[in-house]
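Asker: just the structure for this:
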Amino acid sequence: MNAALYIGFGDIFGTGRTDVVVGGEQSEYDYIYLVLRNNGDWGALPPPPPPSLSINDLYSGSAIKEGNTGVVSATFTVTLSRASTEPITVDYATSDDTAIAGIDYQATSGTLTFAPGQTSKTITFRVIGDRLAEFDEYFAVNLTDAHGASIFDGQGFATIVDNEPRISISDRTKSEGKRGKTTLVTFTVTLSATYDQPVTMSFRTVDGTAKTSDGDYIARTGTLTFAPGQTSKTITIEVKGDSKREASETFYLDLFGLSTNALFAKNRGLGTILNDD
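Answerer: Sure thing, here's the model as predicted:
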């Protein structure tokens, strides 16, 4: 947000006299205001300043979900602090942040005109859908060159929320079992939402304190595919029991080589083998 000074006039204390409010921004989320009370000795006051312009941000509940193809439209709102008896104009233009014009959204620029009495106008822009899994991205709309008004908050930020699914794998803990017996340890891999395309990845076991060379478990590698509509898959690892008195041991199940239409939220599962001798 651009730092700005705000000056307002009004009968704040109900005395029938015009008081003055002076305010400003101390930091991004911290404002301070000072009220000057008119005790009747001020004499004639100067005319009030022109109205001020502000633009909103699009984040949280108002963030834009990207889509997979085509474009998605969203809208910024520019507001005037009070109506004017004269026309007011202000220029606007989008600017890149982590989102790139022409790739993530369509660049937009123009001029808004507030007719006498109007206090709100909108700017519509378009976000470009794709099948690439990526983190949320941002761009801005900037207000400049206002005529008939000042600019109080001249930059609005838009959040583009990626809608490709996220992948997570569970952790598992299980008792080892007796010598000569095999215990099955099953990990669950989940997709955050149903998807209309296959999502594929590879997996492999990795030694921790549990070692395949010590016969603690059987190494495994492979490929996992979520068909359209599926959100849960399992991978089972064989743990070998023994009669050793030892501390609990761990190994890992790693996911890697994910297709470009998804992202990992958690790609390492921890397997804990509890000794039961």
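
Asker: who's in contact with residue 69?
Answerer: For residue 69, the contacting residues are 129-131, by C-beta atoms under 8 Å, 6 or more residues apart in numbering. No exception for glycine: its C-beta is placed from N, CA and C like everyone else's.

Asker: please redo it, this time with the cut-off set to 7 Å
Answerer: Counting by C-beta atoms under 7 Å, 6 or more residues apart in numbering, residue 69 touches residue 129.

Asker: same deal with residue 94?
Answerer: 101, 107-109, 125, 139-141.

Asker: do the same with residue 188
Answerer: Under the criterion of C-beta under 7 Å, 6+ apart, the contact list for residue 188 reads 170, 232, 234.

Asker: could you save the residues you listed as CSV and add columns showing neighbour count and secondary structure?
Answerer: Output for the contacts of residue 188, formatted as CSV (neighbours: other C-beta atoms under 10 Å; DSSP: H, G, I helix; E, B strand; the rest coil):
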residue, neighbour count, secondary structure
170, 16, coil
232, 9, strand
234, 10, strand
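
Asker: how many other residues sit next to residue 106?
Answerer: By the measure other C-beta atoms under 10 Å, the count of residues near residue 106 is 14.

Asker: bridge partners for the residue nearest to it when sequence neighbours are not counted, pull those for me.
Answerer: Leaving aside its chain neighbours, residue 106 sits nearest to residue 126 (4.5 Å; criterion: C-beta to C-beta, 6 or more residues apart in numbering). Assessed by DSSP bridges, residue 126 has beta-bridge partners residue 73.

Asker: does residue 126 touch residue 73 like I think?
Answerer: Yes: counting by C-beta atoms under 7 Å, residue 126 does reach residue 73; the two are 5.5 Å apart.

Asker: and the two? which has more neighbours close in?
Answerer: Taking other C-beta under 10 Å, residue 126 and residue 73 do not tie; residue 126 has more neighbours (15 against 10).

Asker: ok, the more buried one - contacts?
Answerer: Contacts for residue 126 were tallied using C-beta under 7 Å, 6+ apart; they are 71-73, 105-106.

Asker: same deal with residue 195?
Answerer: Neighbours of residue 195 in contact, by C-beta under 7 Å, 6+ apart: 165, 228.

Asker: gap between it and residue 203?
Answerer: Separation of residue 195 from residue 203 (C-beta to C-beta, to the nearest Å) stands at 19 Å.

Asker: and what of residue 248?
Answerer: Using C-beta to C-beta, residue 248 is found at 23 Å from residue 203.

Asker: neighbour count: those two, which is higher?
Answerer: Neighbours were counted for residue 248 and for residue 203 using other C-beta under 10 Å; residue 203 has more, 22 against 14.

Asker: pLDDT score for the closest residue to residue 162 other than its chain neighbours?
Answerer: Counting by C-beta to C-beta, 6+ apart, residue 162 lies nearest to residue 134, which is 5.1 Å off, once chain neighbours are set aside. On pLDDT, residue 134 comes in at 90.
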